[in-house]
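Q: No sequence on hand, only this structure:
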């Protein structure tokens, strides 16, 4: 889902529930508040806003660092009208940590760039195959041309020379 669709959902929530979704004052919301928002959403017509936009905005809001930081033990929870309706309990904090751990476990590893892939392959081959230094070739000596014999003026034969060890 694109950022534009997320913004549509968040703009809807901030316009409809300004006390609950104030971007400058993020506070813990009542347990099950998404169900109230869903009932309100489907009970009226909303031009240009789909439920998937609102659902994405809610999900992102509840997963945000600012919202998670607002969840302190015994901190007050608020409803859509901005009224206090309960407190954050240790069970709520434990459930939040469990969900966060599950999300991190399901998160796909970051895709490597082509350069990183090539580097990792090169590193693996270096580790598995020890490099042997290449022997240096001895400089070639200038050889005298091999003696030739001419037979019948048109054919030349090269006389082989014995190889030196």
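A: That came through fine. Note that the coordinates shown come from a computational prediction; the quantities given were computed from them, not determined experimentally. Residues are numbered from 1 along each chain as shown.
Q: Follow the chain on from the helix or strand harbouring residue 9 and name the next helix or strand.
A: Element membership of residue 9 [criterion: DSSP states H and E] is helix 3-16. Where DSSP H and E defines the elements, the next helix or strand beyond helix 3-16 is helix 33-42.
Q: starting at the chain centroid, how far to the very next helix or strand once past that next one?
A: Next in sequence after helix 33-42, counting helices and strands by DSSP H and E, comes helix 51-63. Centroid displacement of helix 51-63 relative to its chain, using CA atoms, centre = their mean, to the nearest Å, is 20 Å.
Q: ok, now stretch 85-100?
A: So, by CA atoms, centre = their mean, the centroid of stretch 85-100 is 27 Å from its chain's centroid.
Q: which secondary element of this protein has the worst mean pLDDT?
A: Ranking every helix and strand in the chain by mean pLDDT, DSSP states H and E puts strand 148-151 at the bottom, with a mean of 59.
Q: Give the buried residues for the helix holding residue 9.
A: By neighbour count on 16 or more other CB atoms under 10 Å, the buried set for helix 3-16 is 5-6, 8-10, 12-13, 16. (Glycine included, C-beta is placed from N, CA and C.)
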